Structure formats: structure tokens, C-alpha cells
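A.B. asks: With the sequence up front, the predicted model follows.
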There are 2 protein chains.
Amino acid sequence: MERINRWRSHGGWQEVWRHDSAETGTPMEFSIFLPDGEGPMPVVWYLSGLTCNWSNVTEKGEFRAACAKHGLIFVAPDTSPRGEAVPDDPEGAYDFGLGAGFYVDSTRAPWATNYRMRSYVETELPTLLRQHFPMDMDRQAIMGHSMGGHGALTIGLRNAARFRSVSAFAPICAPTECPWGQKALGQYLGPDQETWAEYDACRLIEGGARVAALKVDQGAADGFLDNQLMPGKLDAACKAAGQPLELGLHEGYDHSYYFISSFMGAHLDWHAAHLTA
Amino acid sequence: MERINRWRSHGGWQEVWRHDSAETGTPMEFSIFLPDGEGPMPVVWYLSGLTCNWSNVTEKGEFRAACAKHGLIFVAPDTSPRGEAVPDDPEGAYDFGLGAGFYVDSTRAPWATNYRMRSYVETELPTLLRQHFPMDMDRQAIMGHSMGGHGALTIGLRNAARFRSVSAFAPICAPTECPWGQKALGQYLGPDQETWAEYDACRLIEGGARVAALKVDQGAADGFLDNQLMPGKLDAACKAAGQPLELGLHEGYDHSYYFISSFMGAHLDWHAAHLTA
């Protein structure tokens, strides 16, 4: 594992690392914010959306002030394997392939060799990072945006004992029912929709999965709201299942980091309250 | 004047506008953050550094939370005229020409036609914007980074009655004595160094100029510290002249927006205290 950059920021270090992933078979990069102090410190995992890598939230997310205040380590992985040998969408579409791993372990050629972002984020990366950084693995939270909101919700729901709190900005709430999700799951997993269910937050909740604390914020002016994100389906699934959900709908806000950064501080305050309770 | 984009953010609107500038003879773009409310509101002018346009601070500056809290309008102009007809450094260097207007009114061909960033920022833009936005022109502050820190200091010193507070991150403190400044002033103004003095904060202070409140923060790990920025010369000039200066030197911080964003909130709190006193 090699540190490829670091910057002093907000009373801590914003670092970027590269390592060879056994899961994806490629070098992978992630960013990590380390507040000053010995630790061990609680960890917040942040999963990014379509087209993003670690840099988007690291540059535009406005998370460091709150992480420094609360003493939270903040990790931002990439959204897919990358490299010349990694297959991409044949037409170079933004919503499949590179930058669009959907936090899925693919089971179909040619994707299955590299597209193992579920196991990478869920298992390999935490196992690696706990050896290198002062992380308190008994105090973890997970959050994300859009496709990464889907990742945070589904990883959180499948690993309820690991995360004290789960939150998302404008998540893809029901991937099995929207075009982005159907395209990705259909190609990564094949046509048998039974195999898709563990990658759909609503299906997981309907199947009995629960998380300790759940918070979602959504911009009302988000152009993807009705046809891709569908927070109403998550709300209905939570209500039917008795899963508490703090859902905020915000007039005028869109899908961009101008929205995310506006609510990042409130999300991190909320995670910190659960992580340090 | 045409609004080309806007985003809801931090309880206000982050907007980008384009207009035709009489000073530069080109279309110019700027960004403006407008907190909710009727106003009139105090105005903070933010001048960016070499290579930047409005987008750098707008995406990475982390200023909106503090501006929303204090009710401050925040304006970020471009750093030079742009367009195919605008002459650039013959070798395309980053430190002269496009992206490097140095907040100077050039007097030399071929630069003098378009490179009038002093008059643009100092006069044309405020005159235009006060007609369109709820600005309280009796409560203005100015700040900037690097080349823009130089701009903020020199515009502030030349217009002391207009600005209640002046601040900078890693400013070029003595342009007449550093390579960046000598290259730019030599080409924009010619070899007569007497004409450079009004574009040098130290010279202005030595010549009797004063500002009401002055704050500078500088990263100690900034690679440009000793050969380009020279905050020690500003400190000495202020001490000799009795100009109060709050100068902070910060271990580990470099010249990037990771540094700027770390101290943006403190600068805006400080400006707000002067603007709302």
C-alpha cells in the first residue's frame, strides 16, 4: 500500500492511497481523512455515485470540518475497478462499467473478473485499512450519494451489526425498479432477478433486514428523483416494516455536490451522535 | 447580464453569471452566493489565484456555510479576460496572460486592450452588481488567495474607505520583489518600476496606505512561501508603519484549497464581525 498524496487540512491529514486489490485484480485508490490524535477513532465510510472517484467528495464534500470536530476517520473508495484491462460499457456509457460498479459482485463474463466492488468495499478494504490506520472497528458508520447511497443502504442492511448508523444523499432506493439499476444488475448478475434482491434496499427491508439508525436526504429539484431514485419506495418499505427512517425532502436542491455539501455537516453530526454514544 | 447556472446550496443560491465587460472587451463570468433574505446584505469579494476562474473557490472553498450563517453575499470574479482574441503568454506559461491578470490595468501592447482587471474588479463589477443584487455597499470586505491575495491587499489598500476588512490566504506580499510579480508587472506595465508600486502591498503601506482591519494566513509547508509570497516583508512593512496585522503561520499546510478551506470559516467569521459591527 502506497500513499500517493497528502494535504494538511482542517487540523488533520487528507491522504490518498493506492493498493493492489485481490478482489478487483487491479490497483485501487481511496482517500482517507485522519483527524489529529492517537485514536482509535470511529470510521465513516462514504460511497460515491456514478462517474465519481475518491476526488469528488474529497474536494467538494465539505466533510473535514465535522470529522475534525468529532474525531471521525472518513474513507472514500473508488466506484469501480479501473485500468486498460478492465472491461467497460461497449458504448462508454456513464452508468455502467468504469465509474459504475454499483457495489456489486458480478457473476457474469466479462464483468465478474474485476467488478467485485461489494467484496472490495464490504470486506477487503476494511480488513486492510484496520491494519494501517487507528480505526475503532466497533464504531463504524456508512453513507453515500446516489449509486453510493444505494451501496451504503444495502451494505448497511446486510451488515447491520457492523454499522451504528447508515445515511444517504439522494440514494437509488429501489435499483431493481429503475433504469440505472436494471441495466447494471442485469449485466453484472444476469436476467434472474432473484439474484438482484440483495442489492436492493427496499427488497432487503421487505425481507426482514434492519439497521440501527437510518437517515436519508433528498433534493426536491433533483432531476433523477422520480425515475431513478424513488425515495417514496424506501419510505413505504420502512413504514411497512417498522424500520425507523429520518427522511428529508429539500425544496430547490438538485443532485450535485452543492446539495451534498449543504447537508454533509448535519449527517456527520448525526453519525457522531450514534458513534460516540 | 445573463445567469448561466445556479444551484440551491446551504440555504441560499450559488449562481454563475456572464456579462460583457467594457473594461476587458470580453465576456466575463463570475460566481455569486446569495443567502436567503431580502437584504441589503454585506458583500465579500474573493479574488482567486493563478490558473483559477470562479469555479475553484466555488467548488472547493467551503465558504457557503459561513456566508449563510452571517448573511454575506460572496462574489468570485475570474482572474483574467478570456477568449480567442485575448493575447496569452507566448509559451502558454501559467503565471502570465490567461488566468494571470494580476489585478492590474496594463499599459503596454498587446496586453493593454484586454488586461484591465484592476478597473474591472475595482470599479466596473461593483457598479454593475449593485444594480442587480441586494448589496449593502457600505459594508464590503475583500479577500483572496495567492495572486488574488495580492489583489485583495492592493485593492483594499488603495480603497481603504470602501472596505471594513481585508484578508488573504498565502498572498503575494511583495510582487515587485518576486519572480511572479516581476514577470507580470514588467510585461503589463513595462520596465519603469515606479509604475509597479501601486500594485505592491508592501510599497503601498510604506507609502502611507492603511486598511481598517487586516488578516493573513499562510501555510508553513507552502512551496512558494520564501521565493514568491514573502509574508515576512508584509509583516515588517506593517510593523514599521503601525498597520495592525493578524498574521498566522500554520505548520504543515500548503498552497492548495485544502489549506484555504481550512481557514475560510475563520476568515468569514472575522469579516462578519467587522461587517455587522
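C.D. replies: Structure's in. What do you need? The shown structure was predicted, so the numbers you read here are calculated from the model rather than taken from an experiment. Numbers count the residues shown, from 1 in each chain, chains lettered A, B, ... in the order given.
A.B. asks: ok, A:Tyr120 touching A:Gly25?
C.D. replies: No - under the criterion of CB atoms under 8 Å, A:Tyr120 makes no contact with A:Gly25, lying 10.4 Å away. Any C-beta I mention is one placed from the backbone N, CA and C, and that applies to glycine too.
A.B. asks: and the two? which has more neighbours close in?
C.D. replies: Using other CB atoms under 10 Å in any protein chain shown, the more surrounded residue of A:Tyr120 and A:Gly25 is A:Tyr120, with 27 against 15.
A.B. asks: Assign that one to helix, strand or coil.
C.D. replies: helix (DSSP: H, G, I helix; E, B strand; the rest coil).
A.B. asks: Against A:Pro77, how distant is it?
C.D. replies: According to CB to CB, to the nearest Å, A:Tyr120 and A:Pro77 sit 7 Å apart.
A.B. asks: Please name the residues that touch A:Val121.
C.D. replies: A:Trp45, A:Leu47, A:Pro77, A:Tyr103, A:Gly151, A:Ile155 (CB atoms under 8 Å, 6 or more residues apart in numbering or on different chains).
A.B. asks: Nearest to B:Met147 among the residues you listed?
C.D. replies: Nearest to B:Met147, judged by CB to CB, of the contacts of A:Val121 is A:Pro77 at 35.4 Å.
A.B. asks: Grab the nearest non-local neighbour of the closest one.
C.D. replies: Closest residue to A:Pro77 apart from its sequence neighbours, by CB to CB, 6 or more residues apart in numbering or on different chains: A:Phe30 at 4.6 Å.
A.B. asks: Confirm that neighbour sits in a helix?
C.D. replies: No - A:Phe30 is assigned strand when assessed by three-state DSSP, not a helix.
A.B. asks: hang on, A:Pro134 packs against A:Gly39?
C.D. replies: Yes - the pair A:Pro134 / A:Gly39 is scored as a contact, 2.8 Å apart, by CB under 8 Å.
A.B. asks: which neighbours do the two share?
C.D. replies: Contacts common to A:Pro134 and A:Gly39, judged by CB under 8 Å, 6+ apart, are A:Ile73.
A.B. asks: The closest residue to A:Lys60 other than its chain neighbours: what's it in contact with?
C.D. replies: If the residues on either side of it in the chain are set aside, A:Lys60 comes closest to A:Tyr257, at 3.9 Å by CB to CB, 6+ apart. Listed by CB under 8 Å, 6+ apart, the contact set of A:Tyr257 reads A:Asn56, A:Val57, A:Lys60, A:Gly61, B:Glu59.
A.B. asks: which among these gets closest to B:Gly252?
C.D. replies: Nearest to B:Gly252 among the contacts of A:Tyr257, with distances taken as CB to CB, is A:Gly61, at 21.0 Å.
A.B. asks: What number of residues are in the vicinity of the closest one?
C.D. replies: By other CB under 10 Å, 22 other residues sit near A:Gly61.
A.B. asks: Next, it: phi, psi?
C.D. replies: phi -80, psi -20 (degrees, to the nearest 10).
A.B. asks: now A:Leu153
C.D. replies: phi -60, psi -50.
A.B. asks: Switch the contacts of A:Tyr257 over to CSV; also include pLDDT, distance to A:Lys183 and secondary structure.
C.D. replies: Formatted as CSV, the contacts of A:Tyr257 follow (pLDDT from 0 to 100; distance: CB to CB, whole Å; DSSP: H, G, I helix; E, B strand; the rest coil):
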residue, pLDDT, distance to A:Lys183, secondary structure
A:Asn56, 98, 22, helix
A:Val57, 98, 24, helix
A:Lys60, 98, 26, helix
A:Gly61, 98, 27, coil
B:Glu59, 98, 29, helix
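A.B. asks: What about these, which one has the most neighbours?
C.D. replies: Going by other CB under 10 Å, A:Val57 tops those with 26 neighbours.
A.B. asks: quick one: it from B:Asp235, how far?
C.D. replies: Counting by CB to CB - A:Val57 and B:Asp235 are separated by 37 Å.
A.B. asks: again, but for A:Cys202
C.D. replies: Separation of A:Cys202 from B:Asp235 (CB to CB): 61 Å.
A.B. asks: So which bits of the helix or strand hosting A:Gly232 are buried?
C.D. replies: Following DSSP states H and E, one finds A:Gly232 within helix A:231-241. Under the neighbour-count criterion of 16 or more other CB atoms under 10 Å in any protein chain shown, helix A:231-241 has A:Pro231, A:Lys233, A:Leu234, A:Asp235, A:Ala236, A:Ala237, A:Cys238, A:Ala241 buried.
A.B. asks: Point out the other helices and strands that that helix packs with.
C.D. replies: Here helix A:231-241 touches helix A:201-206, strand A:214-219, strand A:246-250, going by 3 or more CB pairs under 8 Å, 6 or more residues apart in numbering or on different chains; DSSP states H and E.
A.B. asks: for the contacts of A:Val121, which one is nearest A:Cys67?
C.D. replies: A:Trp45 (12.4 Å).
A.B. asks: ok now do the closest one, which residues does it touch?
C.D. replies: Counted by CB under 8 Å, 6+ apart, A:Trp45 has contacts A:Val75, A:Pro77, A:Val121, A:Pro126, A:Gln140, A:Ala141, A:Ile142, A:Met143, A:Ala152.
A.B. asks: again, but for A:Arg158
C.D. replies: Residues in contact with A:Arg158 (CB under 8 Å, 6+ apart) are A:Glu122, A:Glu198, A:Leu204, A:Ala209.
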